[in-house]
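S.K.: Give me the fold of what follows.
(one chain, ligands or ions: 1)
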Amino acid sequence: MSVAENVALVRERIQAAALAAGRDPAEITLSAATKVQTSETIREVIAAGVTVCSENHVQEFVAHQKDGAYEGAKVHIIGHLQTNKLKYVVGKVDLIESVDSLHLLEAISRQAVKLGVTQDILLEVNIGREASKTGIPPEEVLPLAEKAVALPGVRLRGLMAIPPISPEPGANRPFFAEIFQLFVDIRANLVDNREDIICLSMGMSQDYEDAIAEGATLIRVGTALFGPRPPKPAQAPPVSKDPA
Ligand SMILES: *Cc1c(COP(=O)(O)O)cnc(C)c1O
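M.R.: The predicted model follows:
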């Protein structure tokens, strides 16, 4: 299947999932999770009508941007960000979805103020409370959201979550429901900012229909658009210093 055929298929499924949930399919934005893809493939998915590319790695973002690969689409950052990389992304991407600590939030604010820009952000929630994952625990979302709306240079747009990986179909629905409730809660609490807080990013290739059923407005899909990613390359063997 070509990327364009995959895009069409995913769009059909988005439409069906939205209608089944009594939602308008236009409320849901499909973003392409483009990690490990080439600039050529990124151009292909944009030509097929995808309007947002989501990148995990700053290095890949910088390389594709240099190639002009994103022309016609927005770019989001969805991977863990180190503060020393912020100069490459703040003011250069449309949305940073992976704000997972107060430290990072404050650093984004400082960089944005320095550049005189406003950076749109989401807070990333560790909804399954997994030790192996980044993201803030659910009970810390509201306090951090309050800080975010008070800081200059950043505009809080909503929440992002990656639930635990589960082989069971439907297993993540309770997590999606929980994050939707958090989203409703922060909108109810931050009344002055609720016009801005409109984005709920959840759902990937395996579970985006469930995420849509539970209120997602943005889904991040990689494998279902591009096919399986190649396994990470094995670590290179140590280079011998002695000439053979
Ligand atoms: C890779 C990735 C996705 C897409 O995953 P697929 O299962 O390939 O659809 C979505 N979100 C994040 C944060 C990712 O790293």
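S.K.: can you pull out the helices in this structure?
M.R.: 3-20, 39-47, 58-66, 86-89, 102-115, 141-150, 173-189, 208-213, 223-226 (DSSP state H).
S.K.: Return the residues of this protein in contact with the ligand.
M.R.: 33, 35, 56, 78, 162, 204-206, 220-224 (C-beta under 6 Å from any ligand atom). (Each C-beta comes from the backbone N, C-alpha and C, glycine too.)
S.K.: would you list these in TSV and tack on neighbour count?
M.R.: Formatted as TSV, the residues of the chain next to the ligand follow (neighbours: other C-beta atoms under 10 Å):
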residue	neighbour count
A33	25
K35	15
N56	19
I78	24
I162	23
M204	18
S205	16
Q206	17
R220	26
V221	24
G222	20
T223	13
A224	19
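S.K.: Give me the subset of the residues you listed lying in strands.
M.R.: A33, R220, V221 (DSSP state E).
S.K.: quick one: I219 and A32 touch, right?
M.R.: No - applying C-beta atoms under 8 Å, one finds I219 not in contact with A32, separated by 10.1 Å.
S.K.: any chance of the helices of the chain in JSON lines, plus distance to C199 and mean pLDDT?
M.R.: JSON lines is the format used below for the helices of the chain (distance: least, C-beta to C-beta, whole Å; pLDDT from 0 to 100):
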{"stretch": "helix 3-20", "distance to C199": "16", "mean pLDDT": "98"}
{"stretch": "helix 39-47", "distance to C199": "20", "mean pLDDT": "98"}
{"stretch": "helix 58-66", "distance to C199": "19", "mean pLDDT": "98"}
{"stretch": "helix 86-89", "distance to C199": "17", "mean pLDDT": "98"}
{"stretch": "helix 102-115", "distance to C199": "16", "mean pLDDT": "98"}
{"stretch": "helix 141-150", "distance to C199": "13", "mean pLDDT": "98"}
{"stretch": "helix 173-189", "distance to C199": "9", "mean pLDDT": "96"}
{"stretch": "helix 208-213", "distance to C199": "13", "mean pLDDT": "97"}
{"stretch": "helix 223-226", "distance to C199": "20", "mean pLDDT": "98"}
